[in-house]
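Enquirer: Below are the sequence and a predicted model; questions follow.
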Amino acid sequence: GRSGGGFINVLTKSGTNELRGSLHYFGQNDAVSAELRGQNPDFSQHQFGFTLGGPIVRDRAFFFIAYDQQLYNQTKQTDPSRIDVRLRTWMDSAFGGALRNDYGSIRRTNDANALLVKLDWRLSPVHSLSLKYNFTNSRQENGTFDVDTWARSANGIERDYSHAVNGSLVSLLSQSVTNEFRFQFAREYRPRPYGGPTFPSSNGDLWKTNGRPIPDTGVDFAAGYRFGMPFFLPIDALDQRIQVLDNLSFVRGRHLFKLGVEFNRTNEDQTFIGFSNSRFIFGSVDGFLNYVSHGPTYVECSDGTSNATGSCPAGTTITGPLQLFLQFAPVQPGTTVRDAGTQNLVQYEIAGYIQDSWKPRPNLTVNYGLRWEAQIQPDPLTPPDQVFFQPFIGQTISGHAFPSNGKIPSDYFMIQPRLGLAWDISGDGSQVLRGNAGLYNSRSPGLLFASTRTSNGSVGQTIFRASFFNGFGVTPPVYGATLP
């Protein structure tokens, strides 16, 4: 508070000298849920946890623990007829029964738990230390998609777990000067594995399976049937942050000045190999079944005919049945798909600021300040003189300059002024007029630059095929196969 022209700074201790705690439970079940449009829900949820806090050393050190857990499961897509009977019949026998009953009901989970541990020490009358650890964990089986016309296999496992440690040291350096030092180390893992059906393993088979998942397959644009491993799975991802900052506050008359500096190092380590297991999209159920039965030279023609010769009558064009085939592959010889899809994006962010909270009158507060930030981006994986678009760098055509120099630009000049005021019109808090303005910059997440570094034609590529490729002598792959 403010008294007689001076300020009093108070450091409050956390925790309590009494041991206290709590327990909680929350439950839901389909047995007590009403029907919705004639359908009975099938789900259950249990959420439970506890808190506990108390002294480690009376009046000096304290602890606090909180834990929460959720168990949830739900069964949906219970009607097998949501998928065409012709497709269901094929699924029951395809690939040694790998897709048998893939049109059955789908069970989804949404399990999670979280833990917080906090320790507070009053090191001395002028120094207080706080340390905190956070853990989170979640797992959703079949949590990737929830679409009625998609099969069980068109799903994945959504996982996310993290560890974070942060702390602060608050020091009262004098009656008018306070310093706060803070740090954070955090890691978040976001793997998205796949646990669906695979081709039967055998030696020398057509699909080079060795347990490879059934590819992402779309059948019939109108009905939207889909099965197989989603093309963007599996994914390995790890985010890490190291943060250090220090703030100094001091009082001078009617002014409360603050200045500080901050450093962040973030890195995102990710393996994304979308389409590496291939993706097939067909125009109809019949077209798909004929393609599987007769091979990739089976074509549908614009005059309504079809054949297995890979060509259409004169004056007609190939219209199907394979509308789209995509496959991700490395560009450089001797590299693997994982090599081409793996990268570690490291970013550095530094900042400094100064601000003043000024009270020219007891009922008027003016805040003004300036913040500077810089974000330093990672280098591309391919040097600018080796990228495929290198001949265009620096070129201007028809007044338009080529938009890239082959690098990822860093930003060292984020200057951000701030201004705000609060006016207590009558002086009793019943009416307050507030206004603020400023310039704010947001950080650019590292994943924005992921495709710039890998899917750039120099590291990774996506190969395209379709039935009409037969028209110029390029046969698409057999269903289930990948290109060499």
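Expert: Cool, got the structure. Numbering: from 1, shown residues only.
Enquirer: residues in contact with Pro384?
Expert: Residues in contact with Pro384 (C-beta atoms under 8 Å, 6 or more residues apart in numbering) are 390, 393, 405-407. For glycine as for every other residue, the C-beta is placed from the backbone atoms N, C-alpha and C.
Enquirer: out of these, who's nearest Phe26?
Expert: Lys407 (52.1 Å; C-beta to C-beta).
Enquirer: Over to the closest one. Which of the three states is it?
Expert: coil (DSSP: H, G, I helix; E, B strand; the rest coil).
Enquirer: That one and Pro384: what is the separation?
Expert: 6 Å (C-beta to C-beta, to the nearest Å).
Enquirer: Out of the contacts of Pro384, which comes closest to Pro417?
Expert: Ranked by distance to Pro417 (C-beta to C-beta), the contacts of Pro384 are led by Lys407 at 29.3 Å.
Enquirer: now the helices for the stretch 151-300 of the chain?
Expert: Counting by DSSP state H, counting those that start in this stretch, the stretch 151-300 of the chain has helices at residues 285-294.
Enquirer: all strands for it, in order.
Expert: For the stretch 151-300 of the chain, applying DSSP state E, counting those that start in this stretch gives strands covering 157-172, 177-189, 216-219, 225-227, 235-252, 255-272, 279-282, 299-301.
Enquirer: Make CSV out of the ones you listed and add mean neighbour count.
Expert: Shown next, in CSV, are the strands of the stretch 151-300 of the chain (neighbours: other C-beta atoms under 10 Å):
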stretch, mean neighbour count
strand 157-172, 17
strand 177-189, 16
strand 216-219, 24
strand 225-227, 23
strand 235-252, 16
strand 255-272, 17
strand 279-282, 23
strand 299-301, 22
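Enquirer: Mind putting these into TSV with mean pLDDT?
Expert: Below are the strands of the stretch 151-300 of the chain laid out as TSV (pLDDT from 0 to 100):
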stretch	mean pLDDT
strand 157-172	97
strand 177-189	97
strand 216-219	96
strand 225-227	97
strand 235-252	96
strand 255-272	96
strand 279-282	97
strand 299-301	97
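Enquirer: Compare those and give me the one nearest Pro41.
Expert: strand 157-172 (21.5 Å).
Enquirer: Let me know the angle separating that closest one from strand 177-189.
Expert: With axes from the mean of the first three to the mean of the last three C-alpha atoms, to 10 degrees as the basis, strand 157-172 and strand 177-189 are set at 170 degrees to each other.
Enquirer: Can I get strand 157-172 in PDB, CA atoms only?
Expert: The C-alpha coordinates for strand 157-172 follow below in PDB (Å, rounded to 0.1, in the frame of the first residue of the first chain):
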ATOM      1  CA  ILE A 157      -4.000 -43.300 -30.900                       C
ATOM      2  CA  GLU A 158      -3.700 -39.700 -29.700                       C
ATOM      3  CA  ARG A 159      -1.100 -39.300 -27.000                       C
ATOM      4  CA  ASP A 160       0.300 -36.300 -25.200                       C
ATOM      5  CA  TYR A 161       2.500 -36.200 -22.000                       C
ATOM      6  CA  SER A 162       4.600 -33.500 -20.600                       C
ATOM      7  CA  HIS A 163       7.100 -32.600 -17.800                       C
ATOM      8  CA  ALA A 164       7.700 -29.100 -16.600                       C
ATOM      9  CA  VAL A 165       9.800 -27.700 -13.800                       C
ATOM     10  CA  ASN A 166       9.800 -24.000 -13.000                       C
ATOM     11  CA  GLY A 167      10.800 -21.800 -10.100                       C
ATOM     12  CA  SER A 168      11.200 -18.300  -8.900                       C
ATOM     13  CA  LEU A 169      13.300 -16.400  -6.400                       C
ATOM     14  CA  VAL A 170      11.800 -13.200  -5.100                       C
ATOM     15  CA  SER A 171      14.200 -10.900  -3.200                       C
ATOM     16  CA  LEU A 172      13.500  -7.700  -1.300                       C
END
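Enquirer: if we can go back for a sec, out of the contacts of Pro384, which is most surrounded?
Expert: Using other C-beta atoms under 10 Å as the neighbour test, these are led by Gly406, with 21 neighbours.
Enquirer: Next, the contact list for that one, please.
Expert: By C-beta under 8 Å, 6+ apart, Gly406 lies in contact with 380, 382-385, 387, 389-390, 393.
Enquirer: how does it look with 6 Å?
Expert: Going by C-beta atoms under 6 Å, 6 or more residues apart in numbering, Gly406 touches 384, 387, 393.
Enquirer: I'd like those residues as a markdown table, with secondary structure, pLDDT and distance to Val261 appended.
Expert: A markdown table is the format used below for the contacts of Gly406 (DSSP: H, G, I helix; E, B strand; the rest coil; pLDDT from 0 to 100; distance: C-beta to C-beta, whole Å):
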| residue | secondary structure | pLDDT | distance to Val261 |
| --- | --- | --- | --- |
| Pro384 | helix | 89 | 33 |
| Val387 | coil | 85 | 37 |
| Ile393 | coil | 92 | 37 |
